[in-house]
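Participant: sequence unknown, structure follows:
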């Protein structure tokens, strides 16, 4: 485990270690850290903003940076779909509902339930620590070569896998369509006063 | 070449569908009845033709005379019908001599009875419903005999039971008919339970329900090799259990002691039903099943002995009761019980071929007798009591003739078919491998004597003695479900009067005895010819034995099997013939001397005679059953099962659990605050605990 | 130049351009060019709009500043630039300032994947296309990229409406969001029709897929190849282009779908509170998005840079000119509609989107997808996992099919011909009807030889890829014709100059697709 | 190439932020957004692991997660709208009818 931590540290902090100066973080790593920082900061703003519209906007920023992270993971199709579905549809829906209910005004003061919040913070800290340790403990870092992962995210690869009867994705895909249909019907039933 | 065997099964089903939906197809009742009366026998006879073709082209040319073909054309025989968790059953038809023999009997004799029924049921308003059930019965019976595994046989088994129920209570407006149907159904359930348990036992031992499979994976093949599914040698106790359970099923279906009580009551149905279902085909299903499982039974001598004893007892009891019956159909019903006992006797001594031979001959002459009695009843305008008949020989000579043939055939008059099959059974009984040959032979002969006696008694009371009714003033006594039937029928029949000389138009005022229409007589002639010829053609020539050989296992008990028959074959023939002639003669002498009354004693002396009362009460079986199952069993259920087991044990347990849950949850429910975030916190706590635990485990493992 | 066949350069360009490599800075030039073009053309568009409307309304439009009023918009822009920047007191300032920027950026960025092929020439004889690719991001999900950006456009409007803290603006924003979401579906469906037919999401590929013979024709006058009849407005049977055109107008909030800024109801809708340059940015964003959707329209349905007929007088004009011409025609169409049609009522707008366009688009997508199996000009992208090879066993001279699952094990299952389900392959071919099955005349051949091969000729080992090409659906009955179907050696270079009938047909459908895919240098490396 | 563990840690951070939001926020719409955030965090982990093992499975899961998220949001927002209609408020602290 210590070894893994060391390896991780070398990737991030090598600039501060004398003798490793020539091992500056490479461009992909820089890009990653920029995107990750944007994602984390905007995610924090989602939680800390009292105004739901601003929360929603911050979430859009998170989604966009996550989409760009997908591109760094060579998942181009997922990236595009992430923007189209999350940023383009889901978040617009959120904004729409916020505006419809006219909830734009800042909410009242802090929650009354202090114990809940403290417990949540403490538990979250433990949770985060555990989550952060998990990959260091369990991961071998020998990822596959660039060539092997290059075409993973193309539309043709995903389509060929999704619709290949020999792979287990076709049935879930069909089931998803039924799920969406049910959701559509459910949303209409819920939202319409008189059907 | 593709197999056409599926047609045998599907044709009657097609007919069934047509008849069932005839009401939609033909708006006019007359047109509907006419169409049904052509379609219903037509499909069965077509199935018979297909059966012959399949027998010639597919079975006799096949190696080992055994073929498995798919039930549904186009599928492979291996296509599973049910495939759940290792349990597999196929949609296959097993074509071998046994199944083809039964298919021929069912479709051939069944077809004749269908033709007969078109005449017999011509006036019934619900004739299409009748033929719907009839064709469905044929379909189910064919499934039973042709199915390639026990499950399909079971489907057919239950199907014929249902059809039997439907047909017994066909005239359901009469409460007695409905009750008779219920009785048949319920008694059969007892047997079916045995069959079902037997099937389960078979599956647990052999892991399959197919009779035959590829590379010896069928039940029969494994049984023949003395191994079970895992290749271990068969446990004889288990096989005995299986065979006994299967035999319980056979008892129910084939009306053996103690489950025979339904068969006499089943005569409430229309006579063609009695002929087809309760004489020729369905009741022999038990024998067929035993023969089908002969490989199993020969592994279980105990079960075989049970079969033999039960068969003997049934034969004897049935014959004794037959002596005192006055209803023409009931005489025949008890004779059927008795003859079925003969068949099981044959199976019980290991001579399945003889049993099946008797099935075949019995199907011919018993169908003939039933149909003949039906013709008599038809001529007498619904009268079934022999005490009110007599002297019919002059009035309906053609019917008398065929009844005469049938009587001599069943009595075992030399060189008629019953003679050969019964002699075969008696011969093998005398050579019983269980060492009780003398007893079996003796009782068998006694039974044969009684058979000849009561059959000739029936003939005398019906045909020879003086008429005990006034011709032309017979009471019109038509079975029907509907009162308005009379009126509708009246108009109907008058319209038809010119078309055929049926003469039923005058039925209400009082009818004359008349010969049956050709649609009823022609099947009788055919059956009469069969009753004469089947035995002598197939029996002594050993054709039948060779034909059935691939389907029947031989009882091989090693040195035990070397039992010499009591008497040589020729002597056996002579004894059998003498017994038959003796029985016939005794009846002729006794009844010939009392031509006026047709009774040996008066009614009053009958009542006083305890033996007579005992026999007329059917050996008190119904009384005992009533006492044991209805009275005592009812009390037991009421006092113990309901008041103690159900109320205290079961309800108490359920209510106790509910109370405990209520109390516990009353305290725990405080946790439910109604705030989602509190629950979410709980979930997070669980997740963190899980994650930390896993991390700890991983680090320990990786160290 | 990547993967354009040798013969394609005949007669038009010197050979050395064939080895011309796209230097890395080309996309950046293109980026700057597109930005400059869009930003620069906007005043021109406004001018076009005003002039055309004036023409239609029979009045004289701008005619004071510059020749025919050409500089009028410039003057307007200068005016806006110097206007006071007013911020109302109760607005949410950050979002209020952010909104115009958000409105403009996706519109500008959306042009990135348009097939702006600066140098597009056609070989009149072969009909082949030579392009110098100037697309900024020639990515394989170009269409998705444009859709993604167009779905982001809604934020500008919504946030402007919300942050203005004004009920008219809020209503405008709400309307805009509902309208954009609704019409995006119909738009996506109509575009999917084209995607299904072209078999690619890359706009350059889609343009190249329109460079074929019009569908029912197998062969015909070369002038028709890649002509106006083979573009997808015609090939998709008109309905998708209608849906798309309606949806694109609604997407850009233009008349008659300008509900979010309906001045008679909502003053100016979401930009009521905006003034000076912020207003100008909304304005420019609107025009930029008009350009983008018109560009998409031109690329998807109107052949992009393809000339309307394959004739010299048209093909000498560079493709980019055609492209811009088509975009401008789209703009004029916009203006035409604005001058002609009254604004829709809101519920009528929603009804049109959800109850008319969406179902029709859905049905049409199904029709097109089913139709694509029938017609041969679909993307003949034969699944590469399925190889059809000759089974050379002696006792079974027929061909059998090997089905290779895509699992990583690489296990090859051998399935006899009878047992194989008839999977429909793209191009309407079934797996079972083996195109290389022995023709009746081929039975004289020694068993073990591929069908149709004259006896005595030793069959050379064929690379699998070559075989796949030969079994393309456009080449039926090659065994019966007696021509050796499997060329032992690659055809001589001159052979392409005299394409025979069968060869031409082969090229029409699938082989063209192969070459098209080959144009993408990234793809070629995969092979 | 960026190591996979980086993405995993980023995913963990985003997920924890989402969890925190769910636990402390009172506006159900924001809670919903935080759930979306958690879903996205999981998606990052899926894609990153898919790349790590050079398998397309990770992206498949993301596609299905997207579809489920869309369905969930449409129904969830419908519920919120109908709650708002009946109670004129959507504060989660006032929604505690489902208790003992």
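Facilitator: Yep, it's here. Model, not experiment: these values are computed from the prediction. Numbers count the residues shown, from 1 in each chain, chains lettered A, B, ... in the order given.
Participant: any buried residues in stretch B:115-124, and which?
Facilitator: Within stretch B:115-124, the residues that count as buried by 16 or more other C-beta atoms under 10 Å in any protein chain shown are B:115, B:116, B:117, B:118, B:119, B:120, B:121, B:122, B:123, B:124. Quick note: C-beta positions are derived from backbone N, CA and C, even for glycine.
Participant: do the same with stretch C:288-305
Facilitator: By 16+ other C-beta under 10 Å, the buried positions in stretch C:288-305 come out as C:288-305.
Participant: can you pull the contacts of the closest residue to chain C within chain D?
Facilitator: Closest to chain C within chain D is residue D:55: 8.3 Å, counting by C-beta to the nearest C-beta. The contact partners of residue D:55, by C-beta atoms under 8 Å, 6 or more residues apart in numbering or on different chains, come to residue A:152.
Participant: what's the answer for residue D:18, then?
Facilitator: So residue D:18 contacts A:43, D:34, D:35, D:36, D:37, D:38, D:41 (C-beta under 8 Å, 6+ apart).
Participant: and the last one, how far is that from residue B:227?
Facilitator: As judged by C-beta to C-beta, to the nearest Å, residue D:41 and residue B:227 stand 61 Å apart.
Participant: neighbour count winner among these two?
Facilitator: Shown here are residue D:41 and residue B:227; by other C-beta atoms under 10 Å in any protein chain shown, residue D:41 has more neighbours (26 against 15).
Participant: domains of chain C?
Facilitator: Here the domain assignment for chain C is C:4-372, C:380-418+C:430-448+C:485-518, based on automatic domain parsing.
Participant: lowest-confidence stretch among those domains?
Facilitator: For these, mean pLDDT drops lowest on domain C:380-418+C:430-448+C:485-518, to a mean of 36.
Participant: what residues are up against the residue of chain B found nearest chain D?
Facilitator: Scanning chain B for the residue nearest chain D gives residue B:674, at 3.1 Å (criterion: C-beta to the nearest C-beta). Counting by C-beta under 8 Å, 6+ apart, residue B:674 touches D:95, D:96, D:97, D:98, D:99.
Participant: stretch C:291-304 and chain A in contact?
Facilitator: No. Applying C-beta under 8 Å from any C-beta of the partner chain, one finds stretch C:291-304 separated from chain A by no less than 14.9 Å.
Participant: what's the per-residue pLDDT of residue 161 here?
Facilitator: Went with chain A since none was named. We have a pLDDT of 85 for residue A:161.
Participant: actually it's chain B I care about, not the one you picked
Facilitator: Turning to residue B:161, the model gives it a pLDDT of 91.
Participant: for chain B, longest helix please?
Facilitator: Ranked by residue count, the top helix of chain B under DSSP state H comes out as helix B:175-206.
Participant: what does stretch B:66-82 rub up against?
Facilitator: By C-beta under 8 Å, 6+ apart, the residues outside stretch B:66-82 that reach it are B:2-3, B:5-6, B:9, B:58-59, B:88-96, B:148, B:151-152, B:212, B:550-551.
Participant: do that again at 6 Å, thanks
Facilitator: B:3, B:5-6, B:58, B:88-96, B:148 (C-beta atoms under 6 Å, 6 or more residues apart in numbering or on different chains).
Participant: I'd say residue C:164 and residue C:273 touch.
Facilitator: Yes. The pair residue C:164 and residue C:273 passes the contact test of C-beta atoms under 6 Å, sitting 4.0 Å apart.
Participant: the more surrounded of the two?
Facilitator: Neighbour comparison, residue C:164 and residue C:273: the larger count goes to residue C:164, with 26 against 23 (by other C-beta under 10 Å).
Participant: so who does that one touch?
Facilitator: Contacts for residue C:164 (C-beta under 6 Å, 6+ apart) come out as C:91, C:273.
Participant: with residue B:348 as the reference, measure out to it.
Facilitator: Counting by C-beta to C-beta - residue C:164 and residue B:348 are separated by 102 Å.
Participant: setting the sequence-adjacent residues aside, check what's closest to residue B:278.
Facilitator: Nearest residue to residue B:278, sequence neighbours excluded (C-beta to C-beta, 6 or more residues apart in numbering or on different chains): residue B:266, at 4.9 Å.
Participant: and for that neighbour, the neighbour number?
Facilitator: If you count neighbours by other C-beta under 10 Å, residue B:266 ends up with 28.
Participant: swap in the one 10 residues further on?
Facilitator: Residues near residue B:276, counting by other C-beta under 10 Å, number 32.
Participant: for it, which non-adjacent residue is closest in space?
Facilitator: residue B:113 is the one closest to residue B:276 (C-beta to C-beta, 6+ apart), at 4.4 Å.
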